[in-house]
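> Here you go, sequence then predicted model.
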Amino acid sequence: MGSQHPTTASQDTQDIGKLWDMIKGMRFGMFTTRHENGHLHSRPMTTQNRRDEEADALWFFMSRSSEPFADVQREQQVNVAYADTSSDTYVSVSGLAEAVKDPQLRRALWNTPTQAWFPNGPDDPDVVLVRVRITHAEYWDVKESKPVQLYKMARAALTGQPPKDMGDHGQVRMH
């Protein structure tokens, strides 16, 4: 899909900004961990970021007694994938997950939907705040309308050449 951006400092800043703009519109991500049996398990989770000042991290609430948290304790490497099919926007974030003991931040990120999952509130000892430090992210942002996409794909099928200029594709490396 489209071209990759060259890796310059100013381009990295633009890509990070674009990445956050895309993620902000998609609150739910598929949080993937490696289970103790070696299989990858993905679960929908709500991204808790309120601002993009933490440009290198995603935040999630989990239950200490849950399987996802047990997976993160064993293997820190995780992936969070976002998709908005209505706007043809897709993001894949790889990073290292870790529990963060910061009661003030936990209360600051707390919200009504989180309260539905954790009715005992942000000070519940079972609630853990998990930070995913982004190491690499990749995004695809298709700007063409559906009819134009279909036309380009049909033309590619006839010519044997992959479709070109279907949108932006970029990568962001952080740590």
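Noted; the coordinates are in hand. Just so we're clear, the structure is a prediction, and the values are computed from it rather than from any experiment.
> CA only for contacts and neighbour counts going forward, please
Will do.
> Need the residues that contact the helix or strand hosting Arg106.
Secondary structure assignment for Arg106, by DSSP states H and E: helix 103-109. Here helix 103-109 makes contact (C-alpha atoms under 8 Å, 6 or more residues apart in numbering) with Gln48, Asn49, Arg50, Pro122, Asp123, Leu129.
> Can you report phi and psi for the first one?
Torsion angles at Gln48 (phi, psi; degrees, to the nearest 10) stand at phi -100, psi 0.
> One more: the last one?
When quoted as degrees, to the nearest 10, the phi and psi of Leu129 stand at phi -90, psi 130.
> check contacts around it.
Residues in contact with Leu129 (C-alpha under 8 Å, 6+ apart) are Trp59, Phe60, Phe61, Met62, Ala99, Val100, Lys101, Arg106.
> which SSE is the second one in?
What it means is Phe60. Short version: Phe60 belongs to strand 57-63, going by DSSP H and E.
> Toward the C-terminus, what is the element adjacent to that strand?
Downstream of strand 57-63, the first helix or strand assigned by DSSP H and E is helix 67-74.
> list the helices and strands that next one packs on?
Judged by 3 or more C-alpha pairs under 8 Å, 6 or more residues apart in numbering; DSSP states H and E, helix 67-74 is in contact with strand 28-34, strand 57-63, strand 89-100.
> Worst mean pLDDT across the helices and strands of the protein, which element?
Least confident helix or strand of the chain, by mean pLDDT, DSSP states H and E, is helix 146-159 with a mean of 49.
> May I have the secondary structure class of Pro125?
In three-state terms, and counting by DSSP: H, G, I helix; E, B strand; the rest coil, Pro125 is coil.
> Show the pLDDT at it.
Predicted confidence (pLDDT) for Pro125: 95.
> measure it to Ser63 for me?
Separation of Pro125 from Ser63 (C-alpha to C-alpha, to the nearest Å): 9 Å.
> So between these two, which is more surrounded?
More crowded of Pro125 and Ser63, by other C-alpha atoms under 10 Å: Ser63, with 18 against 10.
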